[in-house]
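Here is my input; please provide its structure:
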Amino acid sequence: MTGSTIDPNAVPIARPTVLSLAIKEKAALYAAYMPFLKHGGIFVPTQKPHKIGDEIYLILALMDDTAKYPIAGKVAWITPPSAAHNKAQGIGLHFPDDESGHRVRARIEEILGAALRSSRATHTL
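Predicted structure coming up:
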């Protein structure tokens, strides 16, 4: 019989945090979308502390779309508690450079259309 040993010095592999976000209005989508990130991104309100580069698995629901968009992205933006101008606390999730990231970015930009050129304030800028 073979025994197994557990290395007490082994660092546990961190599992990505799983979050969900349902955006029901076009104005809320505009405020959350982060087109300035290389592959696009989305602001996710959360009070849980995160660090830049943390892996996040997000299930995104967009307005009346019956599809859910699973996204495995990384934290690229952090809005801390008590941020200036009453900005909501949360994280900016950078979409991955893969089919899921391209799909959700294309869908968001399709929904927003001309609103993408607006100068209205968002959750991040």
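
Could I get the CA-only coordinates of stretch 50-68 as CSV?
Provided in CSV are the C-alpha atoms of stretch 50-68 (Å, rounded to 0.1, in the frame of the first residue of the first chain):
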residue,chain,number,x,y,z
HIS,A,50,-9.4,42.4,-4.3
LYS,A,51,-6.0,43.1,-5.7
ILE,A,52,-5.0,44.0,-9.3
GLY,A,53,-4.4,40.8,-11.2
ASP,A,54,-6.8,38.7,-9.1
GLU,A,55,-8.7,36.2,-11.2
ILE,A,56,-12.5,36.6,-11.2
TYR,A,57,-15.1,34.4,-12.7
LEU,A,58,-18.1,36.5,-13.6
ILE,A,59,-21.6,35.4,-14.7
LEU,A,60,-22.9,38.5,-16.5
ALA,A,61,-26.6,39.0,-17.5
LEU,A,62,-27.4,41.8,-19.9
MET,A,63,-30.8,43.5,-19.9
ASP,A,64,-33.4,41.2,-21.6
ASP,A,65,-30.8,39.0,-23.2
THR,A,66,-31.6,35.3,-22.3
ALA,A,67,-28.0,34.4,-22.6
LYS,A,68,-25.7,34.6,-19.6
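
and it, what's its mean pLDDT?
For stretch 50-68, mean pLDDT rounds to 94.

ok, and for the helix of greatest length in the chain, which residues are buried?
What stands out as the longest helix in the chain, according to DSSP state H, is helix 99-112. For helix 99-112, a neighbour-count test (16 or more other Cβ atoms under 10 Å) marks 100-101, 104-105, 107-108, 111-112 as buried. In this view, the C-beta of every residue, glycine as well, is placed from N, C-alpha and C.

same check, this time on stretch 81-92
Neighbour counts over stretch 81-92 (16+ other Cβ under 10 Å) mark 87-92 as buried.

now do stretch 56-74
Across stretch 56-74, burial judged by 16+ other Cβ under 10 Å covers 56, 58, 60, 62, 69, 71, 73-74.

quick one on the thing from earlier: closest to residue 45 among the buried residues of helix 99-112?
Within those, the smallest distance to residue 45 is 16.8 Å, found for residue 108 (Cβ to Cβ).
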